[in-house]
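>>> Need a 3D model of the sequence below.
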Amino acid sequence: MAEQQDVIAVLVTDHREVEEMFTQLEQMSGDGGERAKTLAEKVVIELIRHSVAEEAYLYPAAREHIEGGDALVDEEIAEHAEAEETMKQLERLEPGDAEFWPTMERLMREIRHHIQEEENDLFPRLRQACSQEQLVDLGGKVQRAKKMAPTRPHPSAPDTPPGNKLLAPGAGLVDRIRDALTGRGRS
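Next up is the predicted model:
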């Protein structure tokens, strides 16, 4: 049986994958082609799945285990909400639209700032506050949540338990059906 990753390793891997897609998008900047649209869709899909999993498991753990965790998590959730609004705007645009690339650049700035905060502040504090067993348990929960999570931005959906844990799987199923029918996010 493969060794399970802890939550920080899982999320840092996600961060690196998104950064790789951002780099590819930056190389396409200004291109109105289908490749840019498909890659932008993949970025949104991954970011939504990642943020839903964080909101369901990482952030409640941070609230519970980190001193001052409530304020830290409230800031992280506010950043998610801001990025989700940007993703919703991006979803309505095509790479040939005048606002597509400025909106994509704004999303990249928002996400890069968010990643830096998590990796430099939240993750080290969580690693210090939790046992390795707790972190591995959270890693498994986050990986499972990502599989069931929505793939499209839903800015009005709840960001905190229990609402997010109740609604995300249903929204995720609907999103995955829509994606399959439209070919969204596929090369």
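>>> where along the protein do the helices fall?
7-28, 34-53, 59-65, 69-91, 100-117, 123-129, 132-148, 163-182 (DSSP state H).
>>> Let me have the ones you listed in JSON lines, extended by mean neighbour count.
C-beta coordinates here come from the backbone N, C-alpha and C atoms, glycine included. Output for the helices of the chain, formatted as JSON lines (neighbours: other C-beta atoms under 10 Å):
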{"stretch": "helix 7-28", "mean neighbour count": "16"}
{"stretch": "helix 34-53", "mean neighbour count": "21"}
{"stretch": "helix 59-65", "mean neighbour count": "19"}
{"stretch": "helix 69-91", "mean neighbour count": "18"}
{"stretch": "helix 100-117", "mean neighbour count": "18"}
{"stretch": "helix 123-129", "mean neighbour count": "16"}
{"stretch": "helix 132-148", "mean neighbour count": "17"}
{"stretch": "helix 163-182", "mean neighbour count": "15"}
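>>> so where's the protein shaky on pLDDT?
The chain contains residues with pLDDT under 70 at 1-3, 150-187.
>>> do that again at 50, thanks
1, 163-164, 166, 173-174 (pLDDT under 50).
>>> where's the spatially closest residue to Tyr59 that is not a sequence neighbour relative to Glu55, distance?
Nearest non-adjacent residue to Tyr59, counting by C-beta to C-beta, 6 or more residues apart in numbering: Val73, 4.5 Å away. To Glu55, Val73 is 9 Å away according to C-beta to C-beta, to the nearest Å.
>>> wait, doesn't the residue nearest to Tyr59 sit right on His65?
No - if you go by C-beta atoms under 8 Å, Val73 and His65 don't touch, sitting 11.0 Å apart.
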